[in-house]
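Participant: here is my input, please return the structure:
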Amino acid sequence: MVLIRNLMLCLLVLGLGAPPAVAHENHQKAKATATQAEPSAPGMAMPPSEMQQQMEGHMEDMEAAEPKSFPERLLDWFGRMHPFAVHFPIALFPVALVALVLARRRGETVELIRGLIVVAGIGAVIAAALGWLNGGLTVVDTDPVLMIHRWLGTALGLFGAILGLWAWRRRDAVHGRPMVIALVAIVGLLLVQGFLGASVTHGMEHMMF
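Facilitator: Residues are numbered from 1 along each chain as shown. Predicted structure coming up:
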């Protein structure tokens with residue numbers, strides 16, 4: 001009798017103790033599920049990456065909701081010509097410099113050199129204008145490399161225009177020493193500008209050996 005009574009007491013204790021444990025476990029599972037499904041509260045901090053993704057998504061939605069007008073699309077299209085327009089002054093100014101040096105050494109007057117300088121000057125102005133359309137009409141850029149590239153390109157456009165006008169108006173000045181010095185200077189600046197332009201697209205370390 002004592003043995004049966006003890007067994008009955010054990011079963012009663014186990015029976016009364018089991019449900020709270022199961023209930024607690026179920027409560028924990030339900031709480032975890034609710035935590036995963038519940039969205040973030042308005043006052044809680046959002047991770048920076050998630051916030052940036054949401055901002056980019058909002059910007060894309062705004063751009064898609066506001067279609068560009070024909071003049072805006074036309075200017076954007078012209079701006080995308082900047083990468084290949086810069087090849088004209090980059091190519092023509094060095095060619096004019098080499099041709100001028102050779103012509104001075106041989107004592108020859110080559111009218112073609114004058115034409116090269118004039119066309120290169122026109123190309124420099126066009127490339128600088130397209131660069132402004134491509135980079136946006138702003139005087140300050142958040143990227144310092146882009147800002148230097150913008151204003152050095154503007155200076156090169158003005159410098160090239162001056163050289164082209166000088167060669168056009170003063171035929172005798174084309175084969176003088178000042179023109180040689182000016183062409184050396186603009187070719188050197190074009191090399192720097194080409195490096196900066198590539199750095200804007202590929203990073204400052206794109207020429208690392």
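Participant: for stretch 131-140, what is the average pLDDT?
Facilitator: The predicted model assigns stretch 131-140 a mean pLDDT of 90.
Participant: buried ones in it?
Facilitator: Within stretch 131-140, the residues scored as buried using 16 or more other Cβ atoms under 10 Å are 131-135. Bear in mind the C-beta positions are built from the backbone N, C-alpha and C, glycine included.
Participant: just the pLDDT for the nearest residue to Val119 once chain neighbours are set aside.
Facilitator: Using Cβ to Cβ, 6 or more residues apart in numbering and skipping residues adjacent in sequence, the residue nearest Val119 is Leu92, 5.9 Å away. The score at Leu92 is 94. That number is its pLDDT.
Participant: identify the residues contacting Leu92.
Facilitator: Going by Cβ atoms under 8 Å, 6 or more residues apart in numbering, Leu92 touches 116-117, 119-120, 123.
Participant: ramachandran angles for Leu165?
Facilitator: Note on Leu165: its backbone torsions stand at phi -70, psi -40 [degrees, to the nearest 10].
Participant: which residues are in contact with the nearest residue to it once chain neighbours are set aside?
Facilitator: Closest residue in space to Leu165, ignoring its immediate chain neighbours: Gly121 at 6.8 Å, by Cβ to Cβ, 6+ apart. Shown in contact with Gly121 (Cβ under 8 Å, 6+ apart): 89, 160-165, 167.
Participant: assign a three-state SS to Gly121, would you?
Facilitator: Of the three states, Gly121 takes helix under DSSP: H, G, I helix; E, B strand; the rest coil.
Participant: quick one: it from Phe78, how far?
Facilitator: 20 Å (Cβ to Cβ, to the nearest Å).
Participant: and Ala185, by the same measure?
Facilitator: Ala185 sits 29 Å away from Phe78, going by Cβ to Cβ.
Participant: cool, and Ile148?
Facilitator: Ile148 sits 23 Å away from Phe78 when distances are taken as Cβ to Cβ.
Participant: same thing with Val95?
Facilitator: Separation of Val95 from Phe78 (Cβ to Cβ) stands at 26 Å.
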